[in-house]
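Visitor: coords please:
(2 chains)
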Number of protein chains: 2
Amino acid sequence: MKIGFIGLGVMGAPMARHLLEAGHEVRVFTRTRRKAEELLAKGAVWSDSASGAARGVDLVCTMVGYPEDVEAVYFGDEGVFASVREGTVCIDFTTSAPALARRIARRAEELGAAAVDAPVSGGDKGAREASLSIMAGAEPEVFERARPVLDLVGGNVVLQGPPGSGQTAKLCNQIAIASNMLGVCEALVFAQAGGLNPDTVLESICGGAAGSWSLTNLAPRMLAEDLDPGFYVKHFIKDMRLALEAAWEEGLDLPGLQLALRRYRELEEKGGGDLGTQALIRVYGT
Amino acid sequence: MKIGFIGLGVMGAPMARHLLEAGHEVRVFTRTRRKAEELLAKGAVWSDSASGAARGVDLVCTMVGYPEDVEAVYFGDEGVFASVREGTVCIDFTTSAPALARRIARRAEELGAAAVDAPVSGGDKGAREASLSIMAGAEPEVFERARPVLDLVGGNVVLQGPPGSGQTAKLCNQIAIASNMLGVCEALVFAQAGGLNPDTVLESICGGAAGSWSLTNLAPRMLAEDLDPGFYVKHFIKDMRLALEAAWEEGLDLPGLQLALRRYRELEEKGGGDLGTQALIRVYGT
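Guide: All right, here's what the predicted structure looks like:
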């Protein structure tokens, strides 16, 4: 299959590599050409724009940063919709706004193409190992056409509903994480203030009802003061904002999410935007 | 060994049974005698008071409801300290206040006895299967004397530090759960408001970075409207209050815990105190 892949960051690059290694013809575009070198050496073909990467292909994949990047990549003068041909399936892996995903799907349909929103979770490790959880929003027949490619980059591929539903599901994921991060930090600072060894506390609590991925994986990094990004604070803030905006549209009150966003913004204001999400512990004064 | 066991609720009864089945001589007292019948049939001996159950034994176990019950059971006219002999080890399994645990340990020492605070997690299932996580606070030599009995009822027995430390560790456990419950509820209501099938969302998010014991075990019960208590709302509120009181003493600000307590109190005011903690979803208007 001919595939255009746009956005070769820590997530996009290994995902594009899986497609290349599966024998597909992959045309790539990314803002910083240097990030494409490894893929070009493996046989990918360079394009000078998103519209170039999308021209004449069977399938377009996008994995960029923010909703405004997604909008530019699809609707911009040199965007996907400037060149996409009838029958092409566009898959956006970026975590973005459900409303934007629906808008992309409508425009794709007008052009005789089709779109899938397919945000992922599992981080750069999941991208490298092709074990990502992929939450897809699409019409069932469009999903079936995208599925072979989704299966090449993901381990747990689930159709959540019509266009936009993948984004909504991904925001559910971020909402669940947001409040839990408060609990993880608060448990640790409480342990420290009470004179306990927090590592010993983790031995007692990780395996039970307080257990979570964050407690097992991020609490030890907090204690080791390893604040390197697995997932960036600035990206998490973007996701929490998207979720709150969508919640407001639905008239939903999500106080845990609001509180988590407030605390993460404090962290960002202190210069923590490029740290990993476990850096939230800093806001608690440790 | 001669053991006195005080408090035979859903947790205490199976724990006392393990001691009996291991061949120990167990004397029991609980407020409602009916709850002791099964153990009496298996060879336990009835006492009419806590002091009666504590008289002349090598070890006293207590598993009651609230800190005020713990206080009465130890310091009351017919309490443990009215009869306990030199050398007895007192183990309190109740989730209670760290400061009260320290007071019990001091009084026990004055009487030539010793005390261990040993709150547990793992629920009635953990109690029946002797797989509880036990967080112990005691001097190391006292812990070693209590250890054979702790191992009979627990699966993950960890000494957290001097008296009171077990309670502090257990409160860490509850703090981590508290905020996470907000995240679990908010993810589900966001999914519903967005028109998704929340069960399908759980398929995507339970195995990844949003994953937690509560998401796996309690979210499906929320969706099935099964609000039966695994762990009572009223007891969780007690624990969150204990944690907040201890935090205030340390000058710690725990906004996630405060928010969770506020939401759980709303639930209690609506008559939800005797439901399971998963009933928090009701506060979100579903």
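Visitor: all contacts plus neighbour counts: C-alpha atoms, from now on.
Guide: Will do.
Visitor: which stretches of chain A have low pLDDT?
Guide: Of all residues in chain A, those with pLDDT under 70 make up the ranges A:286.
Visitor: Spatially central residue for it, please.
Guide: Nearest to the geometric centre of chain A sits residue A:95, at 4.3 Å (CA atoms, centre = their mean).
Visitor: Looks to me like that one is in a strand.
Guide: No - read with DSSP: H, G, I helix; E, B strand; the rest coil, residue A:95 is coil and lies in no strand.
Visitor: The stretch 51-200 of chain A: strands as residue ranges?
Guide: A:59-62, A:89-92, A:114-117, A:120-121, A:132-137, A:154-161 (DSSP state E, counting those that start in this stretch).
Visitor: number of nearby residues for residue A:45?
Guide: By other CA atoms under 10 Å in any protein chain shown, 16 other residues sit near residue A:45.
Visitor: how close does residue A:152 get to chain B?
Guide: Note on residue A:152: its distance to chain B, by CA to the nearest CA, to the nearest Å, is 17 Å.
Visitor: show me what contacts that residue?
Guide: Residues near residue A:152 by CA atoms under 8 Å, 6 or more residues apart in numbering or on different chains: A:18-19, A:22, A:130.
Visitor: same question, residue A:12
Guide: Residue A:12 neighbours (CA under 8 Å, 6+ apart): A:6, A:62-64, A:127.
Visitor: And for residue A:160?
Guide: A:135-137, A:166, A:169, B:196-197, B:200-201.
Visitor: just residue A:112 next, same as before
Guide: A:85-88.
Visitor: can you tell me how far it sits from residue A:82?
Guide: Per CA to CA, to the nearest Å, residue A:112 is found 13 Å from residue A:82.
Visitor: Say whether chain B is contacted by stretch A:213-233.
Guide: Yes - counting by CA under 8 Å from any CA of the partner chain, chain B is contacted by stretch A:213-233 at A:213-214.
Visitor: how about the contacts of residue A:160 in a markdown table, adding distance to residue B:106 and neighbour count?
Guide: Shown next, in a markdown table, are those (distance: CA to CA, whole Å; neighbours: other CA atoms under 10 Å in any protein chain shown):
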| residue | distance to residue B:106 | neighbour count |
| --- | --- | --- |
| A:135 | 56 | 31 |
| A:136 | 60 | 33 |
| A:137 | 62 | 31 |
| A:166 | 58 | 34 |
| A:169 | 53 | 35 |
| B:196 | 56 | 20 |
| B:197 | 55 | 16 |
| B:200 | 53 | 16 |
| B:201 | 51 | 25 |
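Visitor: Chain B contacts on the stretch 1-150 of chain A?
Guide: Contacts of the stretch 1-150 of chain A with chain B, taken as CA under 8 Å from any CA, map to A:121-122, A:133-135.
Visitor: Most neighbours among the residues you listed, which one?
Guide: Neighbour max across these (other CA under 10 Å) = residue A:135, 31 neighbours.
Visitor: Give the buried residues for the longest helix seen in chain A.
Guide: In chain A, with assignment by DSSP state H, the single longest helix is helix A:165-193. Residues A:165-191, A:193 are the ones in helix A:165-193 that count as buried (16 or more other CA atoms under 10 Å in any protein chain shown).
Visitor: Of these, which are in range of chain B?
Guide: Within the buried residues of helix A:165-193, those near chain B by CA under 8 Å from any CA are A:165, A:168-169, A:171-184, A:186-188, A:190-191, A:193.
Visitor: coming back round to it: nearest to residue B:282, out of the contacts of residue A:112: which one, please.
Guide: residue A:88 (44.4 Å; CA to CA).
Visitor: Quick one: residues contacting that closest one.
Guide: Counting by CA under 8 Å, 6+ apart, residue A:88 makes contact with A:57-60, A:112-114.
Visitor: want to throw the residues you listed into a markdown table with distance to residue A:218?
Guide: Converted to a markdown table, the contacts of residue A:88 look like this (distance: CA to CA, whole Å):
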| residue | distance to residue A:218 |
| --- | --- |
| A:57 | 41 |
| A:58 | 40 |
| A:59 | 36 |
| A:60 | 34 |
| A:112 | 45 |
| A:113 | 41 |
| A:114 | 38 |
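Visitor: Separate out the buried members of these.
Guide: A:57-60, A:113-114.
Visitor: what's the most distant pair in these?
Guide: A:57 and A:114 (12.8 Å).
Visitor: one step back: which one of the contacts of residue A:112 has the most neighbours?
Guide: Of the contacts of residue A:112, with other CA under 10 Å as the count, residue A:88 tops at 23 neighbours.
Visitor: how far away is it from residue A:275?
Guide: 38 Å.
Visitor: do the same with residue A:134
Guide: 25 Å.
Visitor: coming back round to it: export the contacts of residue A:12 to CSV and append columns for distance to residue A:41 and neighbour count.
Guide: Shown next, in CSV, are the contacts of residue A:12 (distance: CA to CA, whole Å; neighbours: other CA under 10 Å):
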residue, distance to residue A:41, neighbour count
A:6, 17, 28
A:62, 21, 27
A:63, 20, 28
A:64, 22, 23
A:127, 20, 25
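Visitor: Out of those, flag the one nearest to residue A:156.
Guide: residue A:127 (12.1 Å).
Visitor: Give me the neighbour count for residue A:75.
Guide: Look at residue A:75: counted by other CA under 10 Å, it has 16 neighbours.
Visitor: Disregarding flanking residues, what is the spatial nearest neighbour of it?
Guide: The spatial neighbour of residue A:75 that comes closest, neighbours along the chain excluded (CA to CA, 6 or more residues apart in numbering or on different chains), is residue A:81 at 5.9 Å.
Visitor: hang on, the one you found packs against residue A:72?
Guide: No - if you go by CA atoms under 8 Å, residue A:81 and residue A:72 don't touch, sitting 10.1 Å apart.
Visitor: Compare neighbour counts for those two and give me the winner.
Guide: residue A:81 (22 against 14).
Visitor: what sits against that one?
Guide: Residue A:81 touches A:51, A:74-75, A:108, A:111, counting by CA under 8 Å, 6+ apart.
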